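**Q** missing the sequence, but the structure's below:
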């Protein structure tokens with residue numbers, strides 16, 4: 001379980017970096033090998049962390 005959470009955290013970090021480079025959500029999802037809905041969940045989780 002801890003390994004899965006670490007992998008998810010790493011993907012979210014990679015997603016943030018790709019977005020910072022100017023990639024669209026669709027491009028970032030393709031590069032990470034996840035669907036766009038997953039990137040929406042990443043965005044939602046990140047917003048919740050910032051507002052907490």
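**A** Yes, it's here. Being a predicted model, the structure only gives us computed values, none of them experimental. Numbering: from 1, shown residues only.
**Q** from here on, contacts and neighbour counts on C-alpha atoms
**A** Will do.
**Q** Centroid-nearest residue for this protein?
**A** Residue closest to the mean C-alpha point of the chain, counted by C-alpha atoms, centre = their mean, is residue 12 at 3.3 Å.
**Q** so who does it touch?
**A** Contact analysis of residue 12 by C-alpha atoms under 8 Å, 6 or more residues apart in numbering lists residue 42.
**Q** where does it land on pLDDT?
**A** Residue 12 carries a pLDDT value of 92.
**Q** Give the helix, strand or coil label for it.
**A** At residue 12 the chain is in helix, as set by DSSP: H, G, I helix; E, B strand; the rest coil.
**Q** Show me the helices in the chain, by range?
**A** For the chain, helices defined by DSSP state H occupy the ranges 2-20, 25-32, 36-51.
**Q** what's the neighbour count on residue 47?
**A** 11 (other C-alpha atoms under 10 Å).
**Q** Out of the helices of the chain, which is the most enclosed?
**A** When those are scored by mean count of other C-alpha atoms under 10 Å, the highest mean neighbour count falls to helix 25-32 (a mean of 16).
**Q** Give the other helices and strands that that one contacts.
**A** If you count contacts as 3 or more C-alpha pairs under 8 Å, 6 or more residues apart in numbering; DSSP states H and E, helix 25-32 packs onto helix 2-20, helix 36-51.
**Q** and it with helix 2-20, angle?
**A** Here the directions of helix 25-32 and helix 2-20 differ by 140 degrees (axes from the mean of the first three to the mean of the last three C-alpha atoms, to 10 degrees).
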